[in-house]
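J.: Would you be able to build a 3D model of this:
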Amino acid sequence: MTDGVWWVYLFWMPAYLSDVYGIKSSDALGQWAIFPLLALLAQPLGYVSFWIPVVIIGIAGAAHQSWSANIFSTIGDMFPKKAIATITGIVGMAGGVGSFLINKGSGWLFDFTENSAMQLFGFKGIEAGYFIVFCVCTVAYLIGWVVMKALVTEYKPITDL
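T.: Residues are numbered from 1 along each chain as shown. Predicted structure coming up:
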């Protein structure tokens, strides 16, 4: 559910700064846990300064890595040694597929909203598209947490494999 979020942050951040604030990557580089929920504020607070979304998305990216480290350590805590590599491989593949889907979908959304009159919560055009993507990325963590809690109602190592 959440690997794609990391790739959205990495892949779309330069385009976001360019499309919404007119900042080129070269200009920015030259001058310059509940935390994933901060991504919801990136677009609304971006009107104050482009640095606010940069910092917020940076914090969300760091929080993602914390989430990711905890998820991978959960595999080692729950499964026997002989199954860890297999489970980690399956999780990595699912993350790769999720990354492809969220990035492809984001591209389609940005293409659609770039020259459209779409409005959402005061955002127009491509800015509305970015707001939707930030919302999806934020909600992915909540969905992932709920799914994990639903599937693992009682923590105990799995021994029968």
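
J.: Which neighbouring elements make contact with the longest helix along the chain?
T.: The helix that spans the most residues within the chain, counting by DSSP state H, is helix 81-114. The helices and strands touching helix 81-114, judged by 3 or more Cβ pairs under 8 Å, 6 or more residues apart in numbering; DSSP states H and E, are helix 3-21, helix 51-78, helix 126-151. Using the backbone N, CA and C atoms, a C-beta is placed for each residue, glycine as well.

J.: Go through these and pick out the most buried.
T.: Using mean count of other Cβ atoms under 10 Å, the stretch among the helices and strands packed on helix 81-114 with the largest mean neighbour count is helix 3-21, at a mean of 20.

J.: picking that back up, taking helix 51-78 as reference, get the angle to the longest helix of the chain.
T.: Helix 81-114 and helix 51-78 are oriented at 160 degrees to each other (axes from the mean of the first three to the mean of the last three Cα atoms, to 10 degrees).

J.: So which helix or strand of the protein has the lowest pLDDT on average?
T.: Confidence across the helices and strands of the chain bottoms out at helix 25-30, with a mean of 48, counting by mean pLDDT, DSSP states H and E.

J.: Where does pLDDT dip in the protein?
T.: 24-32, 161 (pLDDT under 70).

J.: quick one: stretch 101-121 to chain centroid distance?
T.: Computed by Cα atoms, centre = their mean, to the nearest Å, the chain-centroid distance of stretch 101-121 equals 16 Å.

J.: list the contacts for the closest residue to Val5 other than its chain neighbours?
T.: For Val5, the nearest residue in space outside its immediate sequence neighbours is Cys137; the separation is 4.4 Å by Cβ to Cβ, 6 or more residues apart in numbering. For Cys137, the contacting residues are Val5, Val8, Tyr9, Pro36, Ala39, Ala60, Ile102, by Cβ atoms under 8 Å, 6 or more residues apart in numbering.
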